[in-house]
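**Q** my questions concern the predicted model and sequence given below.
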Amino acid sequence: MPNIVIFGAPGSGKGTQSQRIAERYGLHHISTGEVLRKHISEGTPLGVVANEYIKDGHLIPDDLMLRVLEHELDSNPNTTAGVIFDGFPRTLVQADAFEKMMEKRGSKLDMVLGLEVNEDDLIQRMINRGQQTGRADDNIDTIRERLNVYHQQTSPLRDFYINNGKYVAIDGNPAPDTIFSNISSVIDAI
Ligand code: AMP
């Protein structure tokens, strides 16, 4: 089964689409944001550190994030049957280390699905999500900082994956069902 990264700005629908992809294709879903939020809610030492970055809308340092990801892969035996990576990688350093990590495991990244959404819609989606779920970093000040961080540190990955031929652009503006149907066509064609 394929290893897929779902890529996009905060609020682009990565979580929603990842869940559906995981369900339909039997992939293991790793959301690094969810992993960190679980640590925060359980008050673990990692959670305490992660919260300092997340509450300001900043990224967790690369070395720490790479250890978290490696631990997720090691502790879930079903990851060998294909994974949907949601929220990782988010920097070029992570993307480079990720290639090596997969190679070491005798595996590889097959495809990056890039959800492309109009910027104004992103903000509104995150505000709505914050109201519905109470997610702490979905407030307007943190949202703006997360978008800045995305543009500075994460969006260069788009070119990185275009250049290595793995990037597939997905229009993330229509309704979730339409997006999922477009994603399914891409995965079915692998
Ligand atoms: P997400 O749920 O993917 O939007 O992630 C929420 C927050 O968790 C981000 O704003 C970052 O602070 C942190 N985070 C999640 N994934 C990563 C990552 N790959 N690298 C650094 N920080 C991350």
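**A** Arrived safely, thanks for sending.
**Q** tell me who's in contact with N118.
**A** Taking CB atoms under 8 Å, 6 or more residues apart in numbering, we find N118 in contact with N173. No exception for glycine: its C-beta is placed from N, CA and C like everyone else's.
**Q** now it: phi and psi?
**A** phi -60, psi 140 (degrees, to the nearest 10).
**Q** check what pLDDT it gets.
**A** Among the per-residue scores, N118 shows a pLDDT of 95.
**Q** measure it to the ligand for me?
**A** 18 Å (CB to the nearest ligand atom, to the nearest Å).
**Q** now do Y53
**A** 5 Å.
**Q** from what I see, that residue and D62 are in contact.
**A** No. Counting by CB atoms under 8 Å, Y53 sits too far from D62 to count as a contact (11.7 Å).
**Q** could you pull out the strands for the protein?
**A** 4-8, 28-31, 83-86, 111-116, 167-171 (DSSP state E).
**Q** in a markdown table, list the ones you listed along with distance to the ligand and mean neighbour count.
**A** Output for the strands of the chain, formatted as a markdown table (distance: least, CB to the nearest ligand atom, whole Å; neighbours: other CB atoms under 10 Å):
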| stretch | distance to the ligand | mean neighbour count |
| --- | --- | --- |
| strand 4-8 | 10 | 26 |
| strand 28-31 | 6 | 20 |
| strand 83-86 | 7 | 25 |
| strand 111-116 | 12 | 21 |
| strand 167-171 | 17 | 17 |
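**Q** before we move on, the earlier item: joint contacts of Y53 and D62?
**A** With CB under 8 Å, 6+ apart, Y53 and D62 have no common neighbours.
**Q** okay, which residue is most central for this protein?
**A** G87 (1.7 Å; CA atoms, centre = their mean).
**Q** check contacts around the residue in the chain that the ligand sits nearest to.
**A** Closest residue of the chain to the ligand, CB to the nearest ligand atom: G33 (1.9 Å). If a contact means CB under 8 Å, 6+ apart, then G33 has G15, D86, G87 as its contacts.
**Q** again, only this time at 7 Å
**A** G87 (CB atoms under 7 Å, 6 or more residues apart in numbering).
**Q** any idea how far it lies from L122?
**A** 15 Å (CB to CB, to the nearest Å).
**Q** and for L27?
**A** 25 Å.
**Q** again, but for T178
**A** Counting by CB to CB, the gap from T178 to L122 is 18 Å.
**Q** and these two? which has more neighbours close in?
**A** L122 (21 against 11; other CB atoms under 10 Å).
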